[in-house]
Structures are given as structure tokens and as C-alpha cells.
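Peer 1: Could you look at this predicted model? Sequence included:
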Amino acid sequence: MDADPRIERLWRRKDALLARLAGLPTVLSHGDFSAGNILATPAGATVLLDWATLSAGPVGADLAALALSTFTDPLDAYLAGTDRFARADVELGYRATLALTGAGRVHWMLSSGTRVPDGYEEFILSRLP
């Protein structure tokens, strides 16, 4: 496939990244915390949809799906709202999950004939752990 060679190199690091993720605190994880699954009600409440992938996961992992769906970095905003976990742990969980999920999605897009969105690979690569 015609992936950016840096994405291919990233994917070859998957075992090391998974090992680092395994050492992080485990939290309840939505599993698909993306922009399409977050709604605001007229009363100002936030509602999360699609809990089908609810599971345990490394701290920070849910931020990766949000980042990949918005091309924004939610790390600082998340950390501003909590002091329960060490910044280094949250950041590693976020960045390693973003790298693995993003690289996997690039592979899926290319193998299925789906165009990789402009800037997607660069967004992933700019946030490596």
C-alpha cells in the first residue's frame, strides 16, 4: 500500500507501544469517544452516545478518538479538568493510542480504497509518544 513510510515505521513499533500502554493505570473507557458521539442538549447538558465499545482501557486513550475525529488536541483541556492522574500517564495513553489507532485506520483506508483525509497522517505523526 502507498502509506507514508513514517506510518509504516510507526506500525512496526506497535508491540513496544502496546507494552507501554499496558503499564498505565486502567480506567473505564468509552471506546469511541468521537465528535459524532457527543451531543449538547438545548439545556446545555452533554450527552455521550454509542456505548457499544465500553470497556477498560489505559488512561488517556479516549482522547485519541476525539483527536482523530476533530484534528484538535484535547490533552490540555482534559488535564485542566482533572488532577487524578499524572500528566505523563495521560499523555502517554493519549499519544500511544492515537498513534496505533491512526496508523491502523490509515492501513484500513488504503486497503479499502478510501482516500486518507488531507493532513491525517501528519496529524498522527505530529503527536507521537
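Peer 2: Sure thing, it's come through. Numbering: from 1, shown residues only.

Peer 1: For the rest of this, base every contact and every neighbour count on C-alpha atoms.
Peer 2: OK.

Peer 1: Next, the contact list for Ser34, please.
Peer 2: By Cα atoms under 8 Å, 6 or more residues apart in numbering, Ser34 lies in contact with 65-70.

Peer 1: Ignoring the adjacent residues along the chain, who's closest to it?
Peer 2: Leu66 (4.3 Å; Cα to Cα, 6 or more residues apart in numbering).

Peer 1: what's near enough to touch that neighbour?
Peer 2: Per Cα under 8 Å, 6+ apart, neighbours of Leu66: 32-35, 74.

Peer 1: Tell me the buried residues in the helix or strand where it lies?
Peer 2: Using DSSP states H and E, Leu66 maps to helix 61-70. Under the neighbour-count criterion of 16 or more other Cα atoms under 10 Å, helix 61-70 has 61-68 buried.

Peer 1: Ok, stretch 29-42 next?
Peer 2: In stretch 29-42, counting by 16+ other Cα under 10 Å, buried: 29-34.

Peer 1: quick one: which of those is nearest Ala22?
Peer 2: Ser29 (14.3 Å; Cα to Cα).

Peer 1: Quick check: phi and psi on that closest one?
Peer 2: phi -120, psi 130 (degrees, to the nearest 10).
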